[in-house]
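Student: Predicted model and sequence follow; I will ask about them next.
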Amino acid sequence: MSVLTMAQALNSALDVALSDPRVVVMGEDIGTTGGVFRITDGLAEKHGTERVIDTPVAESGIVGAAFGMAVAGMRPVVEIQFMGFSYPAYDQVINHVARIRNRSRHRFTAPMVIRLPYGAGIGAAEHHSESTEAVYAHIPGLKVVVASTPENAKGLLLAAVDDPDPVIFMEPIRLYRAARGEVPGGRHTTPIGSAEVDRTGSDVSLVSYGAMMRETREAADRLAEDGVSAEIIDLRTLVPLDADTIVASVVRTGRAVIVHEAPLTAGYGAEIVALIQERALYSLRAPVQRVTGWDTVVPLRLAERHYMPSVARIVSAARQTLEG
Amino acid sequence: MSVLTMAQALNSALDVALSDPRVVVMGEDIGTTGGVFRITDGLAEKHGTERVIDTPVAESGIVGAAFGMAVAGMRPVVEIQFMGFSYPAYDQVINHVARIRNRSRHRFTAPMVIRLPYGAGIGAAEHHSESTEAVYAHIPGLKVVVASTPENAKGLLLAAVDDPDPVIFMEPIRLYRAARGEVPGGRHTTPIGSAEVDRTGSDVSLVSYGAMMRETREAADRLAEDGVSAEIIDLRTLVPLDADTIVASVVRTGRAVIVHEAPLTAGYGAEIVALIQERALYSLRAPVQRVTGWDTVVPLRLAERHYMPSVARIVSAARQTLEG
Amino acid sequence: MHLKPHQLLTPEGVHTGRAAPDIDAVRARYGALVEARLYDHKASALQRQGRLATYAPYEGQEATQVGAVAPLAARDWLVASYRDAAAMFFHGYPWKNLLLTRMGDERGGHPPEGVNALPPSITVGGHMIHAVGLAWAERLQGTDAVALTIFGDGATSEGDFHEAMNFAGVYRTPTVFLCQNNGWAISMPRSQQTASETIAQKAVAYGFPGVAVDGNDVLAVEEVVAEAVARARGGDGPTLVEALTYRIHGHTTADDHRRYRVEEEVATWRAKDPLERVRLWLHGQGAWDETWQSELEERASRRIEAAVAEAESLVSFTAGEIFDATYQELTAPLRIQRSLAERDSQ
Amino acid sequence: MHLKPHQLLTPEGVHTGRAAPDIDAVRARYGALVEARLYDHKASALQRQGRLATYAPYEGQEATQVGAVAPLAARDWLVASYRDAAAMFFHGYPWKNLLLTRMGDERGGHPPEGVNALPPSITVGGHMIHAVGLAWAERLQGTDAVALTIFGDGATSEGDFHEAMNFAGVYRTPTVFLCQNNGWAISMPRSQQTASETIAQKAVAYGFPGVAVDGNDVLAVEEVVAEAVARARGGDGPTLVEALTYRIHGHTTADDHRRYRVEEEVATWRAKDPLERVRLWLHGQGAWDETWQSELEERASRRIEAAVAEAESLVSFTAGEIFDATYQELTAPLRIQRSLAERDSQ
Ligand SMILES: Cc1ncc(C[n+]2csc(CCOP(=O)(O)OP(=O)(O)O)c2C)c(N)n1
Ligand SMILES: Cc1ncc(C[n+]2csc(CCOP(=O)(O)OP(=O)(O)O)c2C)c(N)n1
Ligand SMILES: [Mg+2]
Ligand SMILES: [Mg+2]
């Protein structure tokens, strides 16, 4: 165990992963400079530029080439510099990466990881603040994972590399350096497909993932000050969703708030609401609330704060479920 | 008024639209041959190949060029041969078409229509049966429209061409020739953003759109035989959603079934469920049911029927809400 | 910039190459061409009878497909598309599998172990980069296998063609790009697909060689591809080969090609038939007669009919099975959905 | 395939062209170069003070940007990217707007009416095809306006570059493609971005001319682009221009370029400074002195400082305003969200 930032934990995961000769890491500027966020720092020196590969600026090419490598028995880990630059590769992801197993009835597979730094809150330029997990979560054949702590960032990334199926791996930019915590050394994995009860509580279930876990925890603290006991669920995996953990919590609390920074409409929060009402309607004592980004482009630095779900909004949504 | 198939109605809409010199129609094989579905039949002869433009096989190029044209004052109507081939253009749609108005604070705009033949049920090859409306509906700046009858196909398409904002226009392949009905001649428009109560009823609200309207109506017929009065809502527009019409209906019936052929997880149905439970929870007498495609790739011809929401599934979901 | 297509055998069956070809080798190619054509006709017929969903006929393009895969070893990868059944078959992908896919049965996409060919690509353009990744992986894994990708003239317009070519150039992957330029992309003639005079010259943009070949000349295609394969295997990087050929029928069985092209054009190309020139040459060498032709046809026919019978005898699968290849193991949500689907299908 | 870059003015200030340049014209360009450099330094300084979010410095590339837009008429379109502030400014896009975008204020994306320049593209590659559409629309609307798009060497690897070039070739749109090859795409050297010896030769793949020019020579860039603009305006279709230049500083203010390149390389290019050679030539003609230099700098400085002041004086907008440019009119769902956001921000 050592105390690491999330960036360091991810770096450590990749370093461990690269001890498997099937693993290659590829992306723009990840070699010489160690990536725009330095997640791959030192890996090219240590594992060689044959396996830690700087690529041309061509996201579809990166994903498509990695796909071919995966089919041939490698385990590529792709970095797309920002989630907002993943769309040129969308066709490769949807039409090939997600489907080759079904198309070939298991004969060919694409075990690969696509790392997507995501999320707003750092005053970045346009396209650098995306959180479009929903457009991946909707696609059969993909798994979608979102890290929220240094520990699970490492554990989930190593599990994703081990996974026999393609994994969209979302990394909250805002937490790369802000999140610090104990992280086991060596090959530490966190199971894909299981949510974590981050904090137990009895009055309301707060369901979130990734970067918004921070605000969600703060909101729970504030609610606690007022005597409201909030349970927090960190989804960690969006697909396949750990429905049982969510439902069990809401059955107990009777109230839920879903928090994500992606836009509201057709966001992943809608899926969670739908699931709760399908399986726990009669336990619900108030409408499930969604606290999300608005249905707008993420604003640039000046107005970004107006977009991001705030602690205050989460608290007030939780209160609404308690009044409702 | 004349009786037209949906294909003819769309052809008529494009013909009328082309009387505006700002309108150009572009896509693969749409000129000489009139498109793989013959929706643009005769338009190149009539309006000239300068304005009804056959393009190279390059979806991103088509959408990107149309975007430039729209910014310069034209009104391009793009055909992508099948929705499953729209993904190479996803980046252009998300990062440019949907955003230029916000990026330029109204100084530049992209009033354009992207026509996407969609949906399964015709035993087509892989990628030819997609229904991925959710991945467009989630993107701020786009409107998403789905035709379900010859009349609204014409009316919505002409409204889409008139719309000052970009419109994703989905056309149910399965209904191109199967749906026939009265269609007003000339410039007939159907407002974007308003759902239609297709049939009134009092026991349960069936909410659907596009191709699945057919099964939904049949299900309502069957339910009627057993004395169950189903109200049917045809959304017609997914974004912006006409929430009031849905909520008003569910408040009256206390029960709802959402029907779409897209996969369940993070499908657009989740958004409708979320909305209903947010605004009508206390009216709900049973969980809202979702009858959707499964979370699998749409099967090829042999097993397609196992995937598609059937009349029987809709009926049984409606019954479940009545028992629940 | 004009690159004269390489040719060894004229449409009249005259061999113009330096060394005389090996008669047995040519006979073997001729047998393959005959089987390829029979399959094509058979598949079209099956489609008309409603036994296949749609079919993309390749008549006229047999020489390109047979010649292209002849130089490949079994360990080499083939990444081709919907019109390339003959190439795939001669690289080991059974007719049965090709038929199954066309019948609308996903099991067609599962060729036997050891066959290094991906299921045919249905989207245009996306598959070429896969051949870059496959070849690259083989090199990283220390083998000398190469990857051949076949695509149409229309596919060269997709951005993915560019990215694949660029990656192959930058990393010098052992990839052979074979553009099967059949003159048309559905209704779009080659001349309007791109303003470059040839497809072969596009290689200039990527720093590796581009060559043009008469795609109706199986010997020339084989020679050119063999050189490209040798370069790739030897570590000298990728090659772009443009094979000039022609699609004699419609784009698919659902397409009426008379809407966009004139009969004379088709006739011109029929006169350059890829089988006939080989037959003529063999005949000239006293190495072809009608008995042998019948033998070839019967043998091929038997194989094809057996494949049809086998494909049609496969029992259809259950509702539950549509879930089973989404992931390696069923996820929890899919387990629930699977049981619902099984129940509903009762 | 080697294309020698066109040059008119050597780094030593020797004019090698046939006709002697017009001194007043060169003085005007020099003034622009001076203002461009001042803005670049100012913006970097503002960023260090936290007054801009990030900034992508273009020092070293001023000649390309000034020379590229000099031949444009106001009705022509400019579609450029994040590093092209100088080009945009000299096509009429105010410094104020460029600063606002960098401050993180969307209002920067709204230049005055009549300025035909799109807001700078932040994604790499996607914007080039827009210049094809714009130019095409102008032709369809019967004007003779052309579109110039500026992009980097890295951008040529994106599939969208290929599709844009191909469309321009096929439809012969009046588009000028200017690749500002500054040697690097963040940490990726040009030599690893693509295996083609030059970027200019990529035009061969699209059937229209490609030319290379010394991107640090404002006169040469202007001449080459003027020819391309004339061809486009005259109906002779697109041109690809590769301007060879160099980015003196890091990729952005957040980038440490010493991680991936050596100081000597930077020094070599500093010696080819785009301003100095013009100054030397003017000096040789007796058309430069220090007083004039100071005047130029003061005038430019005043304009830039005024722009900074104006940008910084804009009042920040309310929560509600982030909704108002999503569609022409607020949709029903957005009306609700807007009032919630306004309430929350109280
Ligand atoms: C991405 C994508 N866009 C469009 C299509 C529809 N489509 C199928 S084949 C075809 C033409 C392809 O022409 P070419 O590459 O020359 O191959 P050919 O059919 O001539 O063998 C088109 C446009 C597709 N399958 N995939
Ligand atoms: C689609 C996309 N991918 C990646 C990035 C991240 N990125 C920003 S600039 C850049 C390098 C571009 O290099 P080049 O085109 O040479 O332009 P330069 O920065 O040198 O001016 C990269 C990879 C991006 N902005 N957009
Ligand atoms: Mg073709
Ligand atoms: Mg560069």
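Tutor: Yep, that arrived. Ligands and ions are numbered 1, 2, ... in the order given.

Student: Break down the stretch 101-250 of chain A into its helices, ranges please.
Tutor: Using DSSP state H, counting those that start in this stretch, the helices of the stretch 101-250 of chain A run over residues A:133-137, A:150-162, A:213-225, A:243-253.

Student: ok, the third one near chain D or not?
Tutor: No - residues of helix A:213-225 contacting chain D under C-beta under 8 Å from any C-beta of the partner chain: none, with a closest distance of 13.3 Å. Backbone N, C-alpha and C define where each C-beta goes, glycine included.

Student: Pull out the buried positions in that helix.
Tutor: A:213-217, A:219-220, A:222-223 (16 or more other C-beta atoms under 10 Å in any protein chain shown).

Student: ok, the residue nearest to the spatial centre of chain C - contacts?
Tutor: Centroid check for chain C by C-alpha atoms, centre = their mean gives C:Asp84 as the closest residue, at 2.8 Å. If you count contacts by C-beta atoms under 8 Å, 6 or more residues apart in numbering or on different chains, C:Asp84 has them with C:58, C:65, C:120, C:150, C:180.

Student: Is it possible to get JSON lines of the helices of the stretch 101-250 of chain A that adds mean pLDDT and distance to A:Arg99?
Tutor: JSON lines is the format used below for the helices of the stretch 101-250 of chain A (pLDDT from 0 to 100; distance: least, C-beta to C-beta, whole Å):
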{"stretch": "helix A:133-137", "mean pLDDT": "98", "distance to A:Arg99": "14"}
{"stretch": "helix A:150-162", "mean pLDDT": "98", "distance to A:Arg99": "19"}
{"stretch": "helix A:213-225", "mean pLDDT": "98", "distance to A:Arg99": "32"}
{"stretch": "helix A:243-253", "mean pLDDT": "98", "distance to A:Arg99": "24"}
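
Student: Quick check: C:Gln193 touching C:Gly154?
Tutor: Yes - at 5.9 Å, C:Gln193 counts as touching C:Gly154 under the criterion of C-beta atoms under 8 Å.

Student: any common contacting residues for those two?
Tutor: B:56-57, C:185.

Student: Reformat those as JSON lines; add distance to C:Arg231 and secondary structure.
Tutor: Putting those into JSON lines (distance: C-beta to C-beta, whole Å; DSSP: H, G, I helix; E, B strand; the rest coil) gives the following:
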{"residue": "B:Pro56", "distance to C:Arg231": "29", "secondary structure": "coil"}
{"residue": "B:Val57", "distance to C:Arg231": "28", "secondary structure": "coil"}
{"residue": "C:Ala185", "distance to C:Arg231": "28", "secondary structure": "strand"}
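
Student: Closest one of those residues to A:Met6?
Tutor: B:Val57 (42.4 Å; C-beta to C-beta).

Student: Once you drop chain neighbours, what's closest to the closest one?
Tutor: C:Gly154 (4.1 Å; C-beta to C-beta, 6 or more residues apart in numbering or on different chains).

Student: Domain boundaries for the chain, per the record?
Tutor: You didn't pick a chain, so chain A it is. Split into domains by automatic domain parsing, chain A comes to A:2-183, A:196-323.

Student: my question was about chain C
Tutor: Using automatic domain parsing, chain C is parsed into the domains C:23-314, C:319-346.

Student: Run the contact check for the longest one versus ligand 2.
Tutor: No - with C-beta under 6 Å from any ligand atom as the measure, domain C:23-314 is seen stopping short of ligand 2, the closest distance being 11.7 Å.

Student: hmm, back to that, quick one: closest of the helices of the stretch 101-250 of chain A to D:Pro209.
Tutor: D:Pro209 lies closest to helix A:133-137 among the helices of the stretch 101-250 of chain A, at 40.3 Å (C-beta to C-beta).

Student: rewinding a little: restricting to the contacts of C:Asp84, which residues neighbour chain D?
Tutor: Okay, of the contacts of C:Asp84, nothing touches chain D (C-beta under 8 Å from any C-beta).
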